[in-house]
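**Q** Predicted model follows, preceded by the sequence.
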Amino acid sequence: FSQIFTLNRNLAMFKRIPLRSFTQVRIGRRTVLPIVSNSVRFVNSSKSDLICKTFSNKSFVTNFLDGKRCLSSGTQHIIKVPSMGDSITEGTVIQWTKSEGDSVKVDEVIVIIETDKVSVDVNSTESGVLLSQLAKEGETVEVGADLAIINPSGKASESSPSFEETKKKETVKETVPQQKDTKMSIEKSPPKPSSKPIENSISPGQQIELPEIQKYGPNDRTETRVKMTRMRQRIAERLKSAQNTAAMLTTFQETDMSKLMAMRSLYKDEFEKKHGVKLGFMSAFLKASAEALKEIPAVNGYIDDSTKEIVFRNYIDISVAVASPQGLVVPVLRNVEDMNFADIEKNIAKFAQKAKEGKLALEDMAGGSFTISNGGVFGSLMGTPIINPPQSAILGMHATKMRPVVVDGEVVARPMMYLALTYDHRLVDGREAVTFLKTVANKIEDP
């Protein structure tokens, strides 16, 4: 039986009581970890003192009152909120992968913290037992703050999942005698909720499952509210900031995909056999963009508002917009001007897999001098992408459709794609923007 021993904080003294039938002790609302000996002694000499629990093996941290801790003679290890990037000072605890009382190993993930850029796995730096979670799911924690307590010499709680799975194999069941004491009461463990709030149940690499919404009916006036994740809030903030800051203008160009598609069909099998990665269209567009950025350096630059200077980059780092379960992310391919098709395809595949698994690191998305967004994979025919600040331009790719075009005086059907370039008109003039986009289209049409 998994029962909880409940104590009244207002009691001045506690007697020594046998606890063979109990697995946990609770003081107030805080549940403390587990009963590992046959008895426990509680001391409370004054209102300001801590109520401490002392086990026969002297190995556990005692309970909290007024945010303080009373330590037994055992050694405890504090897990702190790690550094999550130069510009990140806090995050939100979205999921504890280990419960209080669970065994943990070195480098095992115990909690996941969501920042406005990525979700960070926090690993245990000690093997032992997770003695206490110092932050609840949904709570905001600052870098360097205490996050969890590990007991290196502890054993897993009998209430932990791993222990319960072991107990299922046993056939002997114990009965719990009723304890009678006017100062203490026994209560059954509260039933576990059937589901968590949606904002706390999302973990990296998983699809976000929205709560089931009733089908529309003639009298249905209900609503479903879902809390915005930190990443979604940051995306909204940056997109609106880009609109408020840059003088964004979009120019369009169509390109004939016939020759690029023919080249891909001709070499894709040999390419995959040689390089171990499939040949797609993105490598051609990244390489074409890199060459165009060399010719039109203003598109690769940006305005430093703090110094009122224009910065021209002497390298080409292209951000590739990738959809992840948590939102849109833009990992960066660095020095694309020095890459060939195989290098580009391998890097894109690596980032796509990391985004799917929720393992993109902050350094994967830092920087970037230009962005390419491919809405065509979702069937978009035409759109106006938004600049990723502080960059000055973004190229939007769209779906390839068979359309009638005039070739050598004849109307023929060709696979055509609309390209869109949104640019910051404060830095990039119309002539430069159109020249850049036309250069990309020409290279795609003659790969």
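**A** On my side now, so go ahead. Numbering: from 1, shown residues only.

**Q** okay, CA-based contacts and neighbour counts for the rest of this
**A** OK.

**Q** can you pull out the helices in the chain?
**A** Applying DSSP state H to the chain gives helices spanning 161-167, 230-245, 258-275, 282-295, 341-357, 362-365, 430-445.

**Q** and the last one, average pLDDT?
**A** The average pLDDT for helix 430-445 rounds to 97.

**Q** buried set for it?
**A** 432-433, 436-441, 443-444 (16 or more other Cα atoms under 10 Å).

**Q** May I ask which two of the residues you listed are separated the most?
**A** E432 and I444 (18.6 Å; Cα to Cα).

**Q** mind listing what S124 touches?
**A** With contact set as Cα atoms under 8 Å, 6 or more residues apart in numbering, S124 has these partners: 79, 104-110.

**Q** Which of those residues has the largest number of neighbours?
**A** Highest neighbour count within those: V104, with 24 neighbours (other Cα atoms under 10 Å).

**Q** pLDDT wise, what is that one at?
**A** What the model reports for V104 is a pLDDT of 91.

**Q** With K196 instead?
**A** If you check K196, the pLDDT there is 39.

**Q** let's have the chain start at 31 instead
**A** Okay, using 31 as the starting number, the last item reads as K226.

**Q** any idea how far V171 is from S113?
**A** 12 Å (Cα to Cα, to the nearest Å).

**Q** Between those two, which has more neighbouring residues?
**A** V171 (20 against 14).

**Q** Tell me how far that one lies from S295.
**A** Look at V171 and S295: by Cα to Cα, they are 51 Å apart.

**Q** and the nearest residue to I402 once chain neighbours are set aside, what does it touch?
**A** Using Cα to Cα, 6 or more residues apart in numbering and skipping residues adjacent in sequence, the residue nearest I402 is L425, 4.8 Å away. By Cα under 8 Å, 6+ apart, the contact set of L425 is 401-403, 415, 449-452.

**Q** one more time with 10 Å
**A** 280-282, 315-316, 319, 350, 400-404, 414-417, 449-453, 467, 470 (Cα atoms under 10 Å, 6 or more residues apart in numbering).

**Q** Same question for V329.
**A** Counting by Cα under 10 Å, 6+ apart, V329 touches 322-323, 342-343, 399-400, 421-424, 453-454, 457-459, 462-463, 466.

**Q** Repeat the analysis, applying 7 Å as the threshold.
**A** 323, 422-423, 458 (Cα atoms under 7 Å, 6 or more residues apart in numbering).

**Q** how near is it to I346?
**A** V329 is 11 Å from I346, by Cα to Cα.

**Q** shared neighbours, the two?
**A** Here V329 and I346 have no joint contacts, going by Cα under 7 Å, 6+ apart.

**Q** Could you tell me the per-residue confidence at the nearest residue to I346 once chain neighbours are set aside?
**A** With sequence-adjacent residues excluded and distances taken as Cα to Cα, 6+ apart, I346 is closest to N365, at 5.1 Å. We note a pLDDT of 96 for N365 in this prediction.

**Q** circling back to that earlier point, any idea which of the helices of the chain is most buried?
**A** Highest mean neighbour count among these (mean count of other Cα atoms under 10 Å): helix 312-325, with a mean of 21.

**Q** Next, the angle from that helix to helix 460-475.
**A** Using axes from the mean of the first three to the mean of the last three Cα atoms, to 10 degrees, the inter-axis angle of helix 312-325 relative to helix 460-475 is 140 degrees.

**Q** Can you spell out which helices and strands pack onto helix 312-325?
**A** Where contact means 3 or more Cα pairs under 7 Å, 6 or more residues apart in numbering; DSSP states H and E, helix 312-325 is packed against helix 371-387, helix 460-475.

**Q** Which one, of those helices, ends up nearest to V159?
**A** Each of the helices and strands packed on helix 312-325 has some distance to V159 by Cα to Cα; the shortest is helix 371-387, at 27.1 Å.

**Q** Point out the other helices and strands that the closest one packs with.
**A** helix 312-325, strand 352-354.

**Q** CA atoms of the first one as CSV?
**A** Spelled out, it's helix 312-325. Coordinates of each C-alpha in helix 312-325 appear next as CSV, following Å, rounded to 0.1, in the frame of the first residue of the first chain:
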residue,chain,number,x,y,z
MET,A,312,17.8,23.1,-51.6
SER,A,313,21.5,22.6,-52.3
ALA,A,314,21.1,24.3,-55.7
PHE,A,315,19.2,27.3,-54.2
LEU,A,316,21.7,27.7,-51.4
LYS,A,317,24.6,27.6,-53.8
ALA,A,318,22.9,30.0,-56.3
SER,A,319,22.2,32.4,-53.4
ALA,A,320,25.8,32.2,-52.2
GLU,A,321,27.0,33.2,-55.6
ALA,A,322,24.5,36.0,-55.9
LEU,A,323,25.4,37.3,-52.5
LYS,A,324,29.0,37.6,-53.7
GLU,A,325,27.9,39.7,-56.6
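
**Q** T127: neighbouring residues, count only.
**A** For T127, the count of nearby residues is 14 (other Cα under 10 Å).

**Q** so can I have TSV of the buried residues of helix 460-475 showing distance to M432?
**A** TSV is the format used below for the buried residues of helix 460-475 (distance: Cα to Cα, whole Å):
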residue	distance to M432
E462	29
A463	26
F466	25
L467	21
K468	20
T469	22
V470	20
A471	17
K473	20
I474	16
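
**Q** any chance of the helices and strands packed on helix 312-325 in JSON lines, with distance to D176 too?
**A** Shown next, in JSON lines, are the helices and strands packed on helix 312-325 (distance: least, Cα to Cα, whole Å):
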{"stretch": "helix 371-387", "distance to D176": "27"}
{"stretch": "helix 460-475", "distance to D176": "51"}
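
**Q** which residues make contact with stretch 460-470 from outside it?
**A** 281, 283, 318-319, 322, 326, 451.

**Q** do stretch 297-315 as well
**A** 294, 371-372, 374-376, 474.

**Q** which two in the residues you listed are spaced the farthest apart?
**A** Farthest-apart pair in these is K376 and I474; separation 20.1 Å (Cα to Cα).

**Q** sorry, back to before: could you dump the helices of the chain into a markdown table with distance to I179 added?
**A** Shown next, in a markdown table, are these (distance: least, Cα to Cα, whole Å):
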| stretch | distance to I179 |
| --- | --- |
| helix 191-197 | 19 |
| helix 260-275 | 26 |
| helix 288-305 | 47 |
| helix 312-325 | 47 |
| helix 371-387 | 28 |
| helix 392-395 | 26 |
| helix 460-475 | 56 |
